[in-house]
Structure formats: C-alpha cells, structure tokens
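Participant: here is my input; please provide its structure:
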Amino acid sequence: MCSSLSRCASLGVLAFSLSALPALAHHGWAGNSDEEFELTGTVTTGVSLAGPHATMKILSNGDIWDITLAPPARTERAGLKEGTIPVGAAVMIHGHRNKDPKRLEIKTERVTWNGRTFNVYPDRK
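Facilitator: Below is the predicted model of the structure:
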C-alpha cells in the first residue's frame, strides 16, 4: 500500500514507463528510406532469431551490412530459420536502407539465396 498520494502517483508513472519499453524497442520503418534498395553479398553471420527482429550480416564491397528481418515468428513462417542459409553463401537482399548513410543497415523485405526467395514481409510490395 502507498503511504502517500504522491508516492502512489510516482509508482504508477514508473510502472507505466517500464511497460512501454518493449514497444519502444520495436524496429519500425520510419528510420529507413522510402526507396527500394537491393544489395548482394556474402553471409558473414547467419540468421539469428533472437531479439525483436531476426537479423543477419553480409559482406558487400568490403563492408559488413546489418540485415534486419521481420520479427522471429514471421521470419520463420517465411521459411528462413537459423542455419537455413550457410555462412559464406551469396545472397541478394531487397528492402530499404537506413536513412543515415553512415549506418550500413537494411530493413529487409526479401532475401534470395540459391534460387529461393524468403519473403519476410509479403504484404509489402
């Protein structure tokens, strides 16, 4: 039980703030360019399904790029699971580059490997 009204209010604000953290961690599309972007490269770090979004890394033209995929369950439904694409494999990434040109990151809609396309955001054309 709270000993004062102000203490109860403070605890309520704290509880609300902490409950909003997962929503703030969500990786939306606002930080990415509206233009479609494609990149080919070699997988350096395979698909990880940890975190709010699946990820992988590729090497392209001497740079390591962060590939941000859909949330893990959605990425898996597209057929892209940990270990599906081996490290060293050539891939083509289609999506939207980060608006900050210093950040080598792509919010990815599709990954193509070995003739197979993994469409992690099928509702985005």
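
Participant: is Asn114 in contact with Met92, as I believe?
Facilitator: No: if you go by CB atoms under 8 Å, Asn114 and Met92 don't touch, sitting 10.6 Å apart. Quick note: C-beta positions are derived from backbone N, CA and C, even for glycine.

Participant: neighbour count: the two, which is higher?
Facilitator: Ranked by neighbour count (other CB atoms under 10 Å), Asn114 and Met92 place Met92 first, with 14 against 10.

Participant: contacting residues around the more buried one?
Facilitator: Glu38, Leu39, Thr40, Val111, Thr112, Trp113 (CB atoms under 8 Å, 6 or more residues apart in numbering).

Participant: closest one of the residues you listed to Gly51?
Facilitator: Nearest to Gly51 among those: Val111, at 17.1 Å, using CB to CB.

Participant: by neighbours, which of the contacts of Met92 wins?
Facilitator: Those, ranked by neighbours (other CB under 10 Å): first place Val111, 27 neighbours.

Participant: since that was my last question, I'll sign off now.
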